[in-house]
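Novice: Show me the folded form of this:
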Amino acid sequence: MQNKNKTVVKSMKLLDLFRTNWKLSLNEIVELSGIPKTSVHRMLGSLEDMGLLHKDHEGKYTLGMLFLEFGQLVADRLDMRQLAYPMMKELRDEIGEAVNLTMIDNMEAIYIEKLDTLHPVRLYTKVGRRSPLYAGACSRIILAHLPESEIETYLKETELKPIGIGTITDKQKLRTVLQQSKLDGYTISYSELEDHTSSVAAPIFDYTNKVVGGLSIAGPDVRFPKEHVPHIIEKVKRTAAEISQKLGYSNQK
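Specialist: This next block holds a predicted model:
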C-alpha cells in the first residue's frame, strides 16, 4: 500500500461496488465499503464530476457514461477479439450454439466476446463477466496450458468453491483433468458455472506460444448429446487453432 495513492485505491473500491450493484445510495455505499461517510461523500462528488458516476433524481448513483466510452475503447483495442469475431460467427452459425471468447486477466478468465445461440433458450453470459480459472471449460482450458509452476501456485493459493452442481472442488481431481485437457487440446465442463449446462473449449495461443485465451461452445446440456460432442470438439479445436494462427502462433516454434 505504501506505493499506492490511498485516495485512488479507495475510489476504485467504491467503483468496484458497481460490478455487482446497478444502483446504490450514499448510505449503501458507506455500508458496503466500510469507508467513513465524509470521505465517501467527497469521493463520490469527484467521481461524479469526472463522469465516472451519475447521480439520479433520487440521489442514487450508477456508473457514468464515461465507462461506456472507455469500455468500447478497450474492446476495440483487443486484437484477439477483432480477429476472432468472424470465425466465432462462422462457428456459431454452423453449430447453432453460443460461442464465448475468454482471456486471462489477473489469474481469472474474463469474457471479452460472445455470440448468442440461435435457439430461444440460451445462456446469458455477459461480456465482462469473470470466472475462476478452475471452473468452466472456457476458463479451465487456460489454466491447463499455463506453466506447471503457475498451476501449482494457483492451486495452493486458491480455494475451490462450488459454483454449479458440477464444479470440481477436489484439487487432485482437478490436476488430473488439467493434465488430460492439455494432452487432448480441449476440455469439457458439465454444470460447473451454471447447472444443467455443457461447454466444450479449446485454448488460444499468441505468437510467443503462450496461452492467452479460450474459445468455447456452450448451452443447455440437453442440446449436447454424447453422439454430437465429438463433432463439437473438432469444430472448437479447429476454430481456436485458426484464431491462434491469426495471432502469430505456430506449433512448429
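
Novice: What residues sit buried inside stretch 15-25?
Specialist: Within stretch 15-25, the residues that qualify as buried by neighbour count (16 or more other Cβ atoms under 10 Å) are Leu15, Phe18, Leu24. Placement of C-beta: from N, CA and C, glycine included.

Novice: Which pLDDT value goes with the last one?
Specialist: So that's Leu24. As predicted, Leu24 sits at a pLDDT of 94.

Novice: and what of the first one?
Specialist: According to the prediction, Leu15 has pLDDT 92.

Novice: Test my guess that it contacts Ser46.
Specialist: No. The pair Leu15 / Ser46 is not scored as a contact, 11.6 Å apart, by Cβ atoms under 8 Å.

Novice: And the helices in the stretch 151-253 of the chain?
Specialist: 171-184, 229-246 (DSSP state H, counting those that start in this stretch).

Novice: to the chain's geometric centre, what's the distance from the last one?
Specialist: Looking back up the chat, that one is helix 229-246. Its chain's C-alpha centre and that of helix 229-246 lie 19 Å apart, by Cα atoms, centre = their mean, to the nearest Å.

Novice: Distance check, the nearest residue to Arg223 once chain neighbours are set aside against Glu192.
Specialist: Of all residues not flanking Arg223 in the chain, Glu97 sits nearest, at 6.6 Å (Cβ to Cβ, 6 or more residues apart in numbering). Note on Glu97: its distance to Glu192, by Cβ to Cβ, to the nearest Å, is 17 Å.

Novice: again, but for Glu94
Specialist: 25 Å.

Novice: And for Tyr207?
Specialist: For Tyr207, the distance to Glu192 - Cβ to Cβ - is 31 Å.

Novice: likewise His231?
Specialist: 22 Å.

Novice: okay, those two: which has more neighbours?
Specialist: Glu192 (25 against 11; other Cβ atoms under 10 Å).

Novice: So what does the more buried one have for phi and psi?
Specialist: Backbone torsions for Glu192, taken as degrees, to the nearest 10, come to phi -90, psi -40.

Novice: and it, what pLDDT?
Specialist: So Glu192 comes in at 91 (pLDDT).

Novice: so where's the chain shaky on pLDDT?
Specialist: 1-4, 72-78, 119-125, 252-253 (pLDDT under 70).

Novice: residue nearest the centroid of it?
Specialist: For the chain, the residue nearest the mean C-alpha position is Ile110 (2.1 Å; Cα atoms, centre = their mean).

Novice: and it, that one's in a strand?
Specialist: Yes. When DSSP: H, G, I helix; E, B strand; the rest coil is applied, Ile110 is found to be in a strand.

Novice: Setting aside sequence neighbours, what's the nearest residue to it?
Specialist: Closest to Ile110 by Cβ to Cβ, 6+ apart is Arg130, at 5.1 Å.

Novice: before we move on, what about Lys237?
Specialist: Here the residue nearest Lys237, using Cβ to Cβ, 6+ apart, is Ala202, at 4.5 Å.

Novice: partner residues bridging that neighbour?
Specialist: Leu215 (DSSP bridges).
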